[in-house]
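1. Need coordinates for the below:
(chains A, B, C and D)
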Number of protein chains: 2
Amino acid sequence: MKKKITIKQLAAELGVSVSTVSKSLNNSTEISQETREKVQAFAKFYNYRPNNIALSLKNKKTKTIGVIIPEVVHHFFAMVVRGVEQVAVKRGYNVLISLSNESFEKEVINMETFADSLIGGFIISPSKETLKKQDYHHIHQTIEEGMPVVLFDRTVPEINCDKVIVNDSQVAQLATQHLLDKNKKNILLLTTEDYISVGRLRTQGYIKALKLAGIPLENRLIIKTEDSKRSDIILPALESELKTALKENPEIDAILAVNEIYAAAAMRVIRELELNIPEDIALICFTDGVISKYATPPLTTVNQHGTQIGIEAANLLIDRLEQKDISEPSITKVVACEIVERFST
Amino acid sequence: MKKKITIKQLAAELGVSVSTVSKSLNNSTEISQETREKVQAFAKFYNYRPNNIALSLKNKKTKTIGVIIPEVVHHFFAMVVRGVEQVAVKRGYNVLISLSNESFEKEVINMETFADSLIGGFIISPSKETLKKQDYHHIHQTIEEGMPVVLFDRTVPEINCDKVIVNDSQVAQLATQHLLDKNKKNILLLTTEDYISVGRLRTQGYIKALKLAGIPLENRLIIKTEDSKRSDIILPALESELKTALKENPEIDAILAVNEIYAAAAMRVIRELELNIPEDIALICFTDGVISKYATPPLTTVNQHGTQIGIEAANLLIDRLEQKDISEPSITKVVACEIVERFST
DNA sequence: TATTAACACTACAACGTTTTCGTGACTAAC
DNA sequence: GTTAGTCACGAAAACGTTGTAGTGTTAATA
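-> Predicted coordinates:
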């Protein structure tokens, strides 16, 4: 086993001082061409690579960014991670990942652990529990301590930081319009409680589209799911609620689901009731993931461009890390999503 | 903005030495009860948290483990990450993630970046390209430098390190047997090229099951996919090849797919040919993910317990990091997978 | 009264870097 | 022959922490 070599060892080996080695490796003109070459050759031979920990300590900054998301086993978040990782590598940064598992406590703990100087800044999408509690002290504190934070997807107005969002409301309106265009007039909305910003915004878009089309808003056509914990608990409840709604309101001819999982649940119910997609009921949902792609029929979706969101977020964060002027105002980027038409509408 | 406070600043504030503060915070009996309490109160007031970078440098080890996987946007790998993260948090470690994107070069670069002292050890599933090239110098070198490595899923015999694998061959045999039990005798196998260990092993299990049942092995019933790059390129090719096979061999009454995506492709083809699942063709696949779960009909699958694999891998790695005796022999853990019967068989 | 022991604390080195500020040796100019 | 200037390199501090080895004071023992 050959342990990693340090500058000090290299210096001893070469019979020169530590400073000389350091300067040679950094190609300083202070050192003669000859010595530089010798040192560099030795360094290469011994496979010297600088100790990043020492560098971080010295420079008082790290080349690592922290990503805190509720889940990785979730297509959208995985896409975001991919995007973040992409630009991180390109710009010479590492990515530390932490999963809140939709739990407030875990989010806080993970954030504090990360903030202990391992990390330069955060990219976060808060857990549902955090949003419900509206307790953002950990995020505020991090910002207070001078670490930049970028919020994405689930955004919180009272936090002043860079944000990457999706034009949720607008595209939900578009999606609703898309259904109306297909001559579906009784659209059921499958959404989350309003404390989740994306759910709220999408609901707003839905409402706006109906209003514009002059269709009265029926509250019984909106199913809001509590959505607090794991999907294996809430899905059966959602399915039975939906089933009841469909039975009691046979005029329903379309469903707008706020995410893919809800759409999958909807499909299951529709199948059980022996209705056809899209003839009897059209279906459109957010999140353009594998479920929609490989479903029967493939679903029309709203592609949220998770990778793009990750890219924007990472760039925003790294820009912030590398900028001198700390007082630049916060930026909010909107990533436009688009409707991917398949066969469910 | 209140910057993070250091021991030195605390010491100045309190009018004692740095050592006293350090020892007080660590509750050393060397320091009087009184002083200890005072220091701790101050530390709490100023929200002191130790600088992990400095600790890492001092202790010559970090509390961070690196995970290198081909993709996050992939149910199985996401599950593994979840498992790793779970035990990492529990045991006080951080998780650094890197995506190879199935590229050899990216894998090597990322690994080298990570290895620059940020990380204590690695959990890796090599990229397809790496497996094809059979170039494992980067992994060997890392091990040489004394960093523990745990390989999972895609395993390589010539690397001597801890491993977490799935009893692929055995369970593929079981899956095949499952189809045979349903009275399906002409089973098509949708697999990868042999250089991917999981593909190879599953193929072996398939062959063994047929042999045991006394059914002759037909090479035209095995479709091996190159599978080198992104799925959007290989899937159409796979689909057309499969379609041809199904047309030319109408006796085929079952398909064993080596992963979910292949199964989804198979479903698409079956649908196009207007055949029924499972009556005309039964379908079973590896990876118990969202596609299988929400497909029509829901697919019978082999659950690989990704989370469990991640848990085992992380524990193996952290055990290795924390053990004194460096020369303990390598361990290979087998995580048993099981067949989840749904409606496609 | 002199020695020892306990106590409560401090000084300092070390981890691996970079960088500032020397410091000799040599050369060139006066 | 003195002074100034360049060149090539080294010493040391700093980043934040911990642990070892002091250090001075007081109390107990011989």
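
2. Which parts of the stretch 201-345 of chain A are strands?
-> A:222-225, A:254-257, A:282-286, A:300-303, A:332-335, A:338-340 (DSSP state E, counting those that start in this stretch).

3. now the helix or strand hosting A:Leu180 and strand A:282-286, what's the angle there?
-> Element membership for A:Leu180 (DSSP states H and E) is helix A:168-181. Taking axes from the mean of the first three to the mean of the last three C-alpha atoms, to 10 degrees, one finds helix A:168-181 and strand A:282-286 inclined to each other by 170 degrees.

4. can you list contacts of helix A:168-181?
-> Contact with helix A:168-181 is made by A:187, A:197-198, A:201-206, A:208-210, A:212-213, A:215, A:254, A:256, A:282, A:284, A:286, A:300, A:302, A:336-339, A:341, A:345, as judged by C-beta atoms under 8 Å, 6 or more residues apart in numbering or on different chains. Quick note: C-beta positions are derived from backbone N, CA and C, even for glycine.

5. circling back: of the strands of the stretch 201-345 of chain A, flag the one that's most buried.
-> Mean neighbours per residue, mean count of other C-beta atoms under 10 Å in any protein chain shown, is largest over those for strand A:254-257, with a mean of 29.

6. Direction included, what does that strand pair up with?
-> Note on strand A:254-257: by DSSP bridges, its sheet partners are strand A:187-192 (parallel), strand A:282-286 (parallel).

7. Residues contacting it, please?
-> Here strand A:254-257 makes contact (C-beta under 8 Å, 6+ apart) with A:172, A:175-176, A:179, A:182, A:184, A:186-190, A:206, A:263, A:266, A:270, A:281-286, A:345.

8. Drop anything exposed from those.
-> Neighbour-count burial (16 or more other C-beta atoms under 10 Å in any protein chain shown) is assigned, among the contacts of strand A:254-257, to A:172, A:175-176, A:179, A:184, A:186-190, A:206, A:263, A:266, A:270, A:281-286, A:345.

9. Could you list which of the residues you listed also contact DNA strand C?
-> Checking the buried ones among the contacts of strand A:254-257 against DNA strand C by C-beta under 7 Å from any atom of the strand, not one of them is in range.

10. List the contacts of the closest residue to A:Thr203 other than its chain neighbours.
-> Once flanking residues are discounted, A:Thr203 sits nearest to A:Thr191: 5.1 Å by C-beta to C-beta, 6 or more residues apart in numbering or on different chains. By C-beta under 8 Å, 6+ apart, the residues touching A:Thr191 are A:Gly199, A:Arg202, A:Thr203, A:Tyr206, A:Ile222, A:Ile223, A:Lys224, A:Thr225, A:Val258.

11. 7 Å - rerun?
-> A:Gly199, A:Arg202, A:Thr203, A:Ile222, A:Lys224, A:Val258 (C-beta atoms under 7 Å, 6 or more residues apart in numbering or on different chains).

12. which residues pair with it across the strands?
-> Beta-bridge partners of A:Thr191, as defined by DSSP bridges: A:Lys224.

13. measure it to A:Tyr48 for me?
-> 57 Å (C-beta to C-beta, to the nearest Å).

14. now swap in A:Met111 and tell me
-> Counting by C-beta to C-beta - A:Met111 and A:Tyr48 are separated by 35 Å.

15. ok but A:Thr68 is inside a strand, no?
-> One correction, residue A:68 is Ile, not Thr. Yes: residue state for A:Ile68 (DSSP: H, G, I helix; E, B strand; the rest coil) corresponds to a strand.

16. roughly how far out does stretch A:243-250 sit from the chain middle?
-> 35 Å (C-alpha atoms, centre = their mean, to the nearest Å).

17. same question, stretch A:294-313
-> 12 Å.

18. Counting neighbours, go ahead and name the busier of A:Met111 and A:Tyr48.
-> Neighbour count, other C-beta atoms under 10 Å in any protein chain shown: between A:Met111 and A:Tyr48, A:Met111 has more, with 22 against 19.

19. Find me whatever residue is spatially closest to A:Thr300, sequence neighbours aside.
-> In space, A:Thr300 is closest to A:Thr345, 4.2 Å off (C-beta to C-beta, 6+ apart).

20. Pretty sure that neighbour sits against A:Asp253.
-> No: between A:Thr345 and A:Asp253 there is no contact under C-beta atoms under 7 Å: 10.9 Å.

21. hey, what's in contact with both of these two?
-> A:Ala282.

22. What distance do you get for the residue nearest to A:Thr300 to A:Leu256?
-> With C-beta to C-beta as the criterion, A:Thr345 and A:Leu256 are 10 Å apart.

23. hang on, A:Asp194 packs against A:Arg200?
-> Yes: A:Asp194 is in contact with A:Arg200 according to C-beta under 7 Å; the separation is 4.4 Å.

24. between those two, which one's more packed in?
-> Applying other C-beta under 10 Å to A:Asp194 and A:Arg200 shows that A:Arg200 carries more neighbours, namely 17 against 12.

25. hmm, back to that, name the residues of the helix holding A:Leu180 that are buried.
-> So for helix A:168-181, counting by 16+ other C-beta under 10 Å, buried means A:168-180.

26. nearest residue to A:Tyr93 other than its sequence neighbours?
-> Nearest one to A:Tyr93, counting by C-beta to C-beta, 6+ apart, is A:Lys63 at 5.0 Å.

27. whoops, A:Leu25 was the one
-> Using C-beta to C-beta, 6+ apart, the closest residue to A:Leu25 is A:Ala43 (6.1 Å).

28. any idea how far that neighbour lies from DNA strand D?
-> According to C-beta to the nearest atom of the strand, to the nearest Å, A:Ala43 stands 15 Å off from DNA strand D.

29. these two touch, right, that residue and A:Leu10?
-> Yes: the pair A:Ala43 / A:Leu10 is scored as a contact, 6.2 Å apart, by C-beta under 7 Å.

30. so who does the closest residue to A:Ile69 other than its chain neighbours touch?
-> For A:Ile69, ignoring the flanking residues on the chain, the nearest one in space by C-beta to C-beta, 6+ apart is A:Phe77 at 4.6 Å. Taking C-beta under 7 Å, 6+ apart, we find A:Phe77 in contact with A:Ile69, A:Pro70, A:Glu71.

31. Please settle this for me: is A:Lys61 part of a helix?
-> No: read with three-state DSSP, A:Lys61 is coil and lies in no helix.

32. right, and it touches A:Gly120 too?
-> Yes: with contact defined as C-beta under 7 Å, A:Lys61 reaches A:Gly120; the gap is 5.8 Å.

33. circling back: for the strands paired with strand A:254-257, please prepare a markdown table with the additional fields distance to A:Ser100 and mean pLDDT.
-> What follows is the strands paired with strand A:254-257, written out as a markdown table (distance: least, C-beta to C-beta, whole Å; pLDDT from 0 to 100):
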| stretch | distance to A:Ser100 | mean pLDDT |
| --- | --- | --- |
| strand A:187-192 | 17 | 94 |
| strand A:282-286 | 21 | 95 |
